[in-house]
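Peer 1: Below: sequence and its predicted model.
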Amino acid sequence: MGKIVKALKSILTGPDNALDIRNLKYLPRWAVLLIDVGLVCISIMLTILILVDLSPFQYTLLSFFEKAVLVITLNTLFFFVFKTYAGIIRYSSNVDALKLLLATCSSFLSLLIINYITYFFVGQKIFLIGGLLINLWISFSLLFLFRLGVKQTYEYFKIVQKNQSLINAVILGVDENAISIAGALDIEHPKRFKIVGFLTQEDHKKLRVLDKPVLRHTRKIHEEVASLGAEAIIFSENALTSEEKFRLVEECLENDIAVYNAPLVSSWNADQPIAKKVKTLQIEDLLEREPIQLDVQNKIDQLTGKTILVTGAAGSIGSEIVRQVAEYNPKKLIILDQAETPLHHLQLEISSKYSNLNFKAIICDVGNKRRLDRMFQTHQINVVYHAAAYKHVPLMESNPHEAIFVNILGTKNLADLAVQYNVGHFVMVSTDKAVNPSNVMGASKRAAEMYVQSLYHDQIKKGEGRTKFITTRFGNVLGSNGSVVPLFKKQIENGGPVTITHPDIIRYFMTIPEACQLVLEAGAMGKGGEIFVFDMGEPVKIMDLAIKMIKLAGYQPNKSIKVKITGLRPGEKLYEELLNDECKTLPTHHKKIMIGQDVVRDYELINEKVKKIIKSAHKLKNDKVVAKLKDLIPEFKSNNSLYERLDSVKELKKD
């Protein structure tokens, strides 16, 4: 007999999992309801057998079949009322038992009321009171035992699960969310974590939750984790500040403790296994700062009921601007980009998410002024968010004419047309690489800044035009195309090496939503001619960033994943600046946004020099292009680039 049981267990929980009962999918709600109705039918038959055996007397107002139909109908009705069929049977709880009790008791009371109403009007009852009580007891017992049996069977096969390595983990927090996470992970299959306890900032003496110990964590959290026999920690608390979370993660990584992050249970998608929702903590979770508090009303005034154009709309920054602008119910949203496939994907996303939004997708190169002119003629545009740009430093260093066509000519075309068609606001997205530029990309963006600033002030001087030109300047954006973070992630996934250009290189970082929120805020508060500089927080050393990302992925730096120094790329600086030496800053009503007061050059001079740069670009004369950029931007000094030799040349021959 023992061999038969062992063989059966092997079949049901074997390595091929062909008949593994734990892999059975959840029963649909209709199936649970049908089973419950079937159990009610069984309870009715059992009741009849008991009553016939106990007493020959029966009320004959209705036949046994009619009585059964009435009982089944009322039970089914209350199953719907209390949704007894809605839960997952294997995860049944006390709440589910209470729902069953309420449903069966409600059916009993309803039948009792019908019984006495019939007696009052007809003079005869339908049911024996004892029969109703017996049926109540039998039906509840069958429904309850069914759920208990399924749950215990599932638990049994889960316990005998073999060859499965579990991660011993503690959960940081002891609030509702933390307890829900622990409970869900304990009953999930296939199991990934074994929760061995909770850590909390509060002092709970000898407290146990879900029969697991609760410890108060001190400044040495790794010691508490070790005392519970855990090798990982799951963050569930949202009460921690970014600084507190960063400190705890630092300590965990230094002591080889894996760190995971669990979202709020209320945001979980029921279609995804619970264990998969608990993910390795990402570097973005540590670099994010406190939520930004913004003035919503000024953006409502600027965007609601207006026609908005977003250039570079398919890019990482442009697409997020599109999503945020769409929330303000514009009259029309025009999304423009030259990248066909990404624009198509964005178009599908916007159509799905904002079904009532009036928007138009346009394929266009911002260097094509004739095409842009037709667009401005057709649509009465009120606000332009200009995010179209080439931004990869090494590529633009090798192809300077392309940087001119998009970053300078494209900006000039849009700015000139904005003035011509009386656009209200023109918001240009710039970069910290435009400050004291050391590469072609940064210089081209600085030239674009200079052009729109001088154009605005020329309007004011002549008393013409109404377009407010506003420039926003910030550093690296997490997760954007070309950002170092997705590059490091891919390199780690591929087993390394993680490549860094210089061990001392530092950068400022900001999340995409945060950067775009500040772009909208600056655009709404701008009066015209300003360069808005964003508070990027503390700079991050790229070497430290790489080390943390490797550890967060569960690897040892320079052992399982190598870190390789490749040398600075052409045009790359060790650190970026948000302001040059001549620029002063003024505060605004938002603490994260400052106004940089740059020296404004004469429009006629800037325009003439910009035209010469564009002319050289059309001739594909790279040296001439870069030399004329340096003439326009005296602070442009090439770094680690073949154009460094031009910095010593004071005068070049004209075309």
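Peer 2: That came through, no problem.

Peer 1: among the helices and strands of the protein, which has the poorest mean pLDDT?
Peer 2: Least confident helix or strand of the chain, by mean pLDDT, DSSP states H and E, is helix 2-12 with a mean of 48.

Peer 1: Which positions within the helix or strand that that helix is followed by qualify as buried?
Peer 2: Note on helix 2-12: by DSSP states H and E, the next helix or strand toward the C-terminus is helix 29-54. By 16 or more other Cβ atoms under 10 Å, the buried positions in helix 29-54 come out as 32-33, 35-36, 39-40, 43-44, 46-48, 51. (Each C-beta comes from the backbone N, C-alpha and C, glycine too.)

Peer 1: Make a markdown table from those and add pLDDT and distance to A448 to it.
Peer 2: Listed next are the buried residues of helix 29-54 as a markdown table, based on pLDDT from 0 to 100; distance: Cβ to Cβ, whole Å:
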| residue | pLDDT | distance to A448 |
| --- | --- | --- |
| V32 | 81 | 63 |
| L33 | 84 | 65 |
| I35 | 87 | 69 |
| D36 | 86 | 69 |
| L39 | 88 | 74 |
| V40 | 87 | 75 |
| S43 | 88 | 79 |
| I44 | 86 | 81 |
| L46 | 89 | 84 |
| T47 | 86 | 85 |
| I48 | 83 | 88 |
| L51 | 81 | 91 |
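
Peer 1: and of these, the nearest to K194?
Peer 2: Closest to K194 out of these is V32 (29.7 Å), distances taken as Cβ to Cβ.

Peer 1: hang on, V249 packs against Y260?
Peer 2: No - at 10.8 Å, V249 and Y260 do not qualify as touching, with contact defined as Cβ atoms under 8 Å.

Peer 1: more neighbours, these two?
Peer 2: Using other Cβ atoms under 10 Å, the more surrounded residue of V249 and Y260 is V249, with 23 against 20.

Peer 1: Could you find the closest non-adjacent residue to that one?
Peer 2: V259 (5.5 Å; Cβ to Cβ, 6 or more residues apart in numbering).

Peer 1: Then the one you found would be within a strand, right?
Peer 2: Yes - counting by DSSP: H, G, I helix; E, B strand; the rest coil, V259 is located in a strand.

Peer 1: who does it bridge with?
Peer 2: V259 has these beta-bridge partners by DSSP bridges: I233.

Peer 1: does it really touch A553, like I thought?
Peer 2: No - at 10.5 Å, V259 does not count as touching A553 under the criterion of Cβ under 8 Å.

Peer 1: max-length helix in this protein?
Peer 2: The longest helix of the chain (DSSP state H) is helix 129-159.

Peer 1: Would you list the phi and psi of the residue lying closest to F359 once chain neighbours are set aside?
Peer 2: Leaving aside its sequence neighbours, F359 sits nearest to L333 (Cβ to Cβ, 6+ apart; 4.1 Å). Per-residue torsions, L333: phi -120, psi 120 (degrees, to the nearest 10).

Peer 1: pLDDT below threshold where in the stretch 201-350 of the chain?
Peer 2: For the stretch 201-350 of the chain, the stretches flagged by pLDDT under 70 are 203-206, 218-219, 237-243, 263-295.

Peer 1: at 50 instead, please
Peer 2: In the predicted model, the stretch 201-350 of the chain carries pLDDT under 50 at residues 267, 270-271.

Peer 1: which residue ranges form the helices in it?
Peer 2: Under the criterion DSSP state H, counting those that start in this stretch, helices of the stretch 201-350 of the chain are mapped to 221-227, 242-254, 274-277, 283-287, 296-303, 316-326, 340-353.

Peer 1: most tightly surrounded among these?
Peer 2: helix 316-326 (a mean of 23; mean count of other Cβ atoms under 10 Å).

Peer 1: Now do it and helix 340-353, the angle between them.
Peer 2: Using axes from the mean of the first three to the mean of the last three Cα atoms, to 10 degrees, the inter-axis angle of helix 316-326 relative to helix 340-353 is 20 degrees.

Peer 1: domains of the chain?
Peer 2: Following automatic domain parsing, one finds the domains of the chain at 2-159, 167-281, 296-632.

Peer 1: And those: which comes nearest S638?
Peer 2: That would be domain 296-632 among those, by Cβ to Cβ, at 6.3 Å.

Peer 1: end to end, how far does that closest one reach?
Peer 2: 39 Å (Cα to Cα, to the nearest Å).

Peer 1: cool, and stretch 594-612?
Peer 2: Per Cα to Cα, the first residue of stretch 594-612 is 33 Å away from its last.

Peer 1: ok so, going back, more crowded one of V259 and A553?
Peer 2: Each of V259 and A553 has its neighbours counted (other Cβ under 10 Å); V259 has more, 25 against 18.

Peer 1: ok, now which ones touch the residue nearest to the spatial centre of the chain?
Peer 2: For the chain, P513 is the residue whose C-alpha lies nearest the centre (Cα atoms, centre = their mean; 9.7 Å). By Cβ atoms under 8 Å, 6 or more residues apart in numbering, the contact set of P513 is 320, 324.

Peer 1: Does G173 touch G197 like I think?
Peer 2: No - at 11.7 Å, G173 does not count as touching G197 under the criterion of Cβ under 8 Å.

Peer 1: residues touching M396, list them.
Peer 2: Counting by Cβ under 8 Å, 6+ apart, M396 touches 390, 402-403, 439-441, 444, 571.

Peer 1: Quick check: which of those has the minimum pLDDT.
Peer 2: Least confident of these in the model: G571, at 61.

Peer 1: Spatially, what comes nearest to F146 if we skip its sequence neighbours?
Peer 2: F146 sits nearest to L39 (Cβ to Cβ, 6+ apart), 6.2 Å away.

Peer 1: Would you confirm that the one you found contacts F144?
Peer 2: No - in this structure L39 lies outside contact range of F144 using Cβ under 8 Å: 9.9 Å.

Peer 1: where do the strands sit along the stretch 51-200 of the chain?
Peer 2: Ranges of strands within the stretch 51-200 of the chain are 167-172, 193-200, based on DSSP state E, counting those that start in this stretch.

Peer 1: Any chance of a markdown table for these, columns mean pLDDT and distance to Y385?
Peer 2: Shown next, in a markdown table, are the strands of the stretch 51-200 of the chain (pLDDT from 0 to 100; distance: least, Cβ to Cβ, whole Å):
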| stretch | mean pLDDT | distance to Y385 |
| --- | --- | --- |
| strand 167-172 | 82 | 40 |
| strand 193-200 | 82 | 44 |
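
Peer 1: I'd like the ones you listed written out as TSV, with mean neighbour count added.
Peer 2: Below are the strands of the stretch 51-200 of the chain laid out as TSV (neighbours: other Cβ atoms under 10 Å):
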stretch	mean neighbour count
strand 167-172	24
strand 193-200	22
